[in-house]
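>>> Predicted coordinates and the sequence they were generated for:
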Amino acid sequence: MPDATPLPEPGIRPVEGWHVLHLCYRVRRDRLAALSESDRRRGCDELLQILDPQGDQSPPVMQTFSVAGHKADFGVLLLGPDPIAIDSVRQRLQASALGPALEPTYSFVSLTEVSEYVPSVAAYAERLRAEGEDPESEVFKTKLRAYEAREGKMREQRLYPTPPPWPMLCFYPMSKKREVGENWYSLDYAERMQMMTRHGRLGQTFAGKVSQLITGSTGLDDWEWGVTLWARRPEYLKEIVYTMRFDEASARYALFGPFYVGYVLDVRQLLSHLRLA
């Protein structure tokens, strides 16, 4: 049956960036056992179509992963400009023949963004001056050209990300504190910028090991940001979170929600792992 979802109004598409939806499900074995063999087979076929990232109705980015531990059995990460198309994946999962056995356990709604603490080219030039670089020197000009070249790519990757082909995925929500003596929002911008610059430099020491996507959820969900990490190896996830918690921006001002960690699997691997196929 053709998709009957109406086309979205232009106003629900971000001016820049994408909508982001994290979904987690538990397979209810009691409900699964109550399904007929034909419904189970049909449901698996439907999931192969619904969760196919190359499918006609799929958003630009869709990634499936198993979830370690009891919080959920699997998760789906969805990114794209059209929130109706993204949510239709959720609706189709629940409406599938396996839908009665799929219990939603967690979701997180956010938008891709470029942090206010990522300096513009002009701000970066000002930082170089403040660090004592001579604006007329070749070193200054070389550094500025290099930053200008990567700044555009950095903005593009943050707004329209492509997940790396790495096996580990971790997601957690976070907010900044609003407590007496530790209120992030009572600090002036220059102080916040200084702390986040140090925080970012510390994160850059994990380049090639961990890739990070920060999405904004203020006004959209219970937390202010969502953090999605991809890693080449599981220990890198532990190392980066542990290391960065000692940084002042985290140690004094960060609040963390639940962590969901798992292993990136395509939909066929996932169905086999969940003992559905």
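Sure, I can see it.
>>> going forward, measure contacts and count neighbours with C-alpha atoms only.
OK.
>>> Which parts of the protein are strands?
19-27, 61-67, 74-80, 102-112, 168-176, 178-179, 182-183, 210-216, 225-231, 254-256, 260-264 (DSSP state E).
>>> Spatially nearest residue to the one residue sitting closest to the centre of the chain, not counting backbone neighbours?
Most central in the chain under CA atoms, centre = their mean is residue 228, positioned 3.8 Å from the mean C-alpha point. Closest residue in space to residue 228, ignoring its immediate chain neighbours: residue 171 at 4.5 Å, by CA to CA, 6 or more residues apart in numbering.
>>> In contact with the residue nearest to the centre of the chain: list those residues for me.
Residues near residue 228 by CA atoms under 8 Å, 6 or more residues apart in numbering: 169-172, 212-214.
>>> Look at residue 37 and say how many residues are nearby.
11 (other CA atoms under 10 Å).
>>> what's the spacing between it and residue 74?
Using CA to CA, to the nearest Å, residue 37 is found at 22 Å from residue 74.
>>> again with residue 109
Residue 109 is 17 Å from residue 74, by CA to CA.
>>> swap in residue 251?
For residue 251, the distance to residue 74 - CA to CA - is 31 Å.
>>> Specify which residue of residue 109 and residue 74 has the higher count of neighbours.
residue 74 (28 against 22).
>>> Helices of the protein, start to end?
Assigned by DSSP state H, the helices in the chain fall at 29-34, 37-50, 83-95, 121-130, 138-159, 189-204, 234-244, 248-251, 267-273.
>>> now the nearest residue to residue 230 once chain neighbours are set aside, which residues is it bridged with?
Leaving aside its chain neighbours, residue 230 sits nearest to residue 169 (4.6 Å; criterion: CA to CA, 6+ apart). Residue 169 has these beta-bridge partners by DSSP bridges: residue 230, residue 262.
>>> same deal with residue 78?
Bridge pairing for residue 78 - DSSP bridges - gives residue 21, residue 62.
>>> From residue 22, how far off is the residue nearest to the centre of the chain?
In terms of CA to CA, residue 228 sits 10 Å off from residue 22.
>>> Find the residues that touch each one of those two.
With CA under 8 Å, 6+ apart as the test, residue 228 and residue 22 reach no residue in common.
>>> In contact with residue 251, which residues are there?
residue 245.
>>> Could you number the chain from 56 rather than 1 from now on?
Sure, I'll start numbering at 56, so the last one becomes residue 306.
>>> okay, it: pLDDT?
If you check residue 306, the pLDDT there is 95.
>>> Low-confidence ranges, the stretch 156-305 of the chain, go.
Nowhere does the stretch 156-305 of the chain drop to pLDDT under 70.
>>> before we move on, back to that, and of the strands of the chain, who's closest to residue 192?
Nearest of those to residue 192, taken as CA to CA: strand 265-271 at 33.6 Å.
>>> Give me the angle between the closest one and strand 74-82.
Inter-element angle recorded for strand 265-271 and strand 74-82: 110 degrees (by axes from the mean of the first three to the mean of the last three CA atoms, to 10 degrees).
>>> what helices or strands is strand 265-271 leaning on?
Under the contact definition 3 or more CA pairs under 8 Å, 6 or more residues apart in numbering; DSSP states H and E, strand 265-271 sits against strand 157-167, strand 280-286, helix 289-299.
>>> Please repeat the previous calculation with a cut-off of 6 Å.
strand 157-167, strand 280-286 (3 or more CA pairs under 6 Å, 6 or more residues apart in numbering; DSSP states H and E).
>>> quick one: strands adjacent to it?
Using DSSP bridges, strand 265-271 pairs in its sheet with strand 157-167 (antiparallel), strand 280-286 (antiparallel).
>>> chain center to that strand: distance?
Centre-to-centre, strand 265-271 and its host chain are 5 Å apart (CA atoms, centre = their mean, to the nearest Å).
>>> ditto for stretch 88-107
For stretch 88-107, the distance to the chain centre is 28 Å (CA atoms, centre = their mean).
>>> if you skip the residues just before and after it, what's nearest to residue 289?
residue 223 (6.3 Å).
>>> how near is the one you found to residue 160?
Distance from residue 223 to residue 160, by CA to CA: 20 Å.
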